[in-house]
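In: My questions concern the predicted model and sequence given below.
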Amino acid sequence: MVNKHIVKRPQRWDRPFAGDNMPEDTVARILSSTYFSAMSASNFPFSTSLRDIVRNDCRVRTFQKDQLIVRRGEYLNSAFIILSGEVTLVSPPGIDPKLWDKVETPSRKKERTLFTWLKKSVHPEVRQEVSASAASLRPERIEQVAILIPNLDELIKDSGVKSKTLSVDRIFGESSVLSRNEMQNTVVAKSTVEVLEIRWQGLRELRLREPVFKQVIDNIYRKRGLYDHLAGLPFFSHLSHEQLQALSQEALFETHGEVEWQHSFKKASQAAKHQKDDSLLNEPELMIAQEGDYPDGLLLLRHGFARVSRKVNHNDYTIGHLHMGSTFGLEELYRGWKQGKSQTLNYSLHALGYIDVIRIPSQWLETHIFSQGMEHLIETELEHSKAHDISDAHTSNAPPINRELSEFLVENRYINGSKAMMIDLERCVRCDDCVTACASAHDNNPRFNRHGKSHGRYMIANACMHCEDPVCMIGCPTGAIHRSQTGIVNINDATCIGCSTCANNCPYDNIRMVNIRNEEGQLYTDAQAKPIVKATKCDLCTGTGGKPACEQACSHDALIRIDLKDITSLEEWADR
């Protein structure tokens, strides 16, 4: 009989976002503020009341004048509403981020590494406590050094970037949260400012229950997201603030596909495996633009991934992929304008999951780009778009890596992975040193499985890929699975309640649910004798100060952690 240790089963709000720093008078103050006072408590169920959302999913933070709040390039798990004071929002492309880099000190990394080795146990999946303190374990509460930028106005003036002031009741950070993308703006306190920070789980509930609030947030997301995306592209760098605003009014903001695309994709994957027909992987895709049609505008991808294909002998072949910042249709529009005759699209464009697209009308391009002597901008953008193409092996002598493997990566959505584990099976000697090293770095518990889908000599192992679009985070009730500022997807063990949502959402089966034990090896169970489980996955050996242990341990150069949408780096590694 297995020894058991009975504990209370973890619940969603065991550890509030603000810890113990959300007294009732603060809750009442927030509920009386502009947005919340317009909400109806009757729209929320008893189990997820409006007051409980404020008390548990929100916190109030104060920043001093000139203090950096968030910066361009960071990933956010929260949106912000200004309660008092003002902030400066610096638009893309922003100022050199090196001016305010937040770097973890080496001593901190050594401290974490030492702690990892000291806490090793002979038992699997040991947890010292199921109910650890929020203050010590919530990732959001890790102390950060305040960064001041006292000369921001001068930096903005010298660099020529665009900025604006946001005051009370204005919202920022919503774009990064809703799109699960990097922050496009840098935000600095213009005066002493107080903000309400709403973590993603609370924002999701408010948008779900309050249609008016949802409309406000979504309008801000579309309007600001459209402007910020245009301002951050070199193709529009010559435009003034007024011209960008005018373009924002003319451009169309479109969405294609499902936000929770992983469900239809997993069904297609199962069907493809059962019927041994990989073409079924493309069934969930939506057509955005079709080969042979006449384009009515330039398409800019703001979020997500798209597949570029072409018909060859009645078969639809993957030619390449596009991701955030890519364009589609420019070559046909430009050549059609130069020749005075409309050109049809050479390729088709399909949504891989959920994507945001900005459509620039062809008439605007002809007036403000094509007829203004901007050939250098056009040629640069055309060259940039070709960087994502796969060489067409049907018309060239391109090696297999250029088409077949890349087609495999695109159709299986592996291009979503920024740190995927790729193994060269011809170099791998099955020594399991990578697994042993992973176990040594994680309290004798490996965080990946050395198997997965393969194409030829290459295999994508079942290890967290730290995706650009981490759909595993959708639906997590506590925010336990979250993305760090640098993009690493982590699981906060203290706030994981074992609901399995993240594991069920992962399209690649890279998250496992495990039974946990105390230091004596006893299983944690609840009063009904059901085991307490936690989600576990690769964390890229965060905090050790070096490469992931799996990659360092491979003495045969058979394993790499790589961004699979970077075809150039992939080819360099394959041809090493």
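Out: That came in fine, so what should we check first?

In: drop to CA atoms for contacts and neighbour counts, all remaining ones
Out: Will do.

In: Just the pLDDT at Asn3, thanks.
Out: In this model, Asn3 is scored at 74, pLDDT.

In: Spatially nearest residue to it, not counting backbone neighbours?
Out: Gln522 (5.0 Å; Cα to Cα, 6 or more residues apart in numbering).

In: I'd say the one you found and His5 touch.
Out: Yes. Using Cα atoms under 8 Å, Gln522 is in contact with His5, at 5.8 Å.

In: the strands in the stretch 451-576 of the chain, which residues?
Out: 458-462, 481-483, 489-491, 512-515, 523-525, 533-536, 559-562 (DSSP state E, counting those that start in this stretch).

In: Now do the same for the fourth one: mean pLDDT, whole number.
Out: When pLDDT is averaged over strand 512-515, the result is 94.

In: Counting neighbours, which bits of it end up buried?
Out: Arg512, Met513, Asn515 (16 or more other Cα atoms under 10 Å).

In: and if you look at the fifth one?
Out: Across strand 523-525, burial judged by 16+ other Cα under 10 Å covers Leu523, Tyr524, Thr525.

In: returning to that earlier point: look at the residue nearest to Asn3 and say how many residues are nearby.
Out: Look at Gln522: counted by other Cα atoms under 10 Å, it has 16 neighbours.

In: ok, now how distant is it from Cys496?
Out: According to Cα to Cα, to the nearest Å, Gln522 stands 19 Å off from Cys496.

In: ok, now Val168?
Out: Applying Cα to Cα to Val168 and Cys496 gives a distance of 34 Å.

In: Look at the two and report which has more neighbours.
Out: More neighbours surround Cys496 than the other of Val168 and Cys496, with 23 against 16 (other Cα under 10 Å).

In: doesn't Glu426 fall inside a helix?
Out: No. Read with DSSP: H, G, I helix; E, B strand; the rest coil, Glu426 is coil and lies in no helix.

In: Give me the pLDDT for it.
Out: In this model, Glu426 carries a pLDDT of 94.

In: Please name the nearest non-neighbouring residue to it.
Out: Arg457 (6.0 Å).

In: from what I can see that neighbour touches Asp424, true?
Out: Yes. Arg457 is within contact range of Asp424, at 5.8 Å (criterion: Cα under 8 Å).

In: the more surrounded of these two?
Out: Asp424 (20 against 12).

In: got the contact list for the more buried one?
Out: For Asp424, the contact set (Cα atoms under 8 Å, 6 or more residues apart in numbering) comprises Arg457, Tyr458, Met459, Ala558, Leu559.

In: switch to 10 Å and redo it
Out: Going by Cα atoms under 10 Å, 6 or more residues apart in numbering, Asp424 touches 454, 456-460, 556-560, 573-574.

In: hey, what's it bridged with?
Out: Tyr458 (DSSP bridges).

In: on that earlier part again, and Leu345, which of the strands of the stretch 451-576 of the chain is closest to it?
Out: strand 559-562 (32.2 Å; Cα to Cα).

In: what helices or strands is that closest one leaning on?
Out: Under the contact definition 3 or more Cα pairs under 10 Å, 6 or more residues apart in numbering; DSSP states H and E, strand 559-562 sits against strand 420-424, strand 458-462, helix 549-553, helix 567-574.

In: what about these, which gets the closest to Leu155?
Out: Nearest of the helices and strands packed on strand 559-562 (Cα to Cα): helix 567-574, 34.7 Å.

In: Rounded mean pLDDT for that closest one, please.
Out: Per-residue scores along helix 567-574 average to 84.

In: One more: stretch 213-223?
Out: 91.

In: Stretch 446-464 now?
Out: Mean predicted confidence for stretch 446-464 is 93.

In: In contact with Thr26, which residues?
Out: So Thr26 contacts Ser32, Val54, Arg55, Arg59, Val60 (Cα under 10 Å, 6+ apart).

In: I'd say the fourth one and Leu83 touch.
Out: No. With contact defined as Cα atoms under 10 Å, Arg59 does not count as touching Leu83 (11.6 Å).

In: Common neighbours of the two, please.
Out: Ile30, Val195, Leu196.

In: I'd like the helices and strands packed on strand 559-562 as a markdown table, with distance to Ile532 appended.
Out: Compiled in a markdown table, the helices and strands packed on strand 559-562 are given as follows (distance: least, Cα to Cα, whole Å):
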| stretch | distance to Ile532 |
| --- | --- |
| strand 420-424 | 29 |
| strand 458-462 | 24 |
| helix 549-553 | 28 |
| helix 567-574 | 41 |
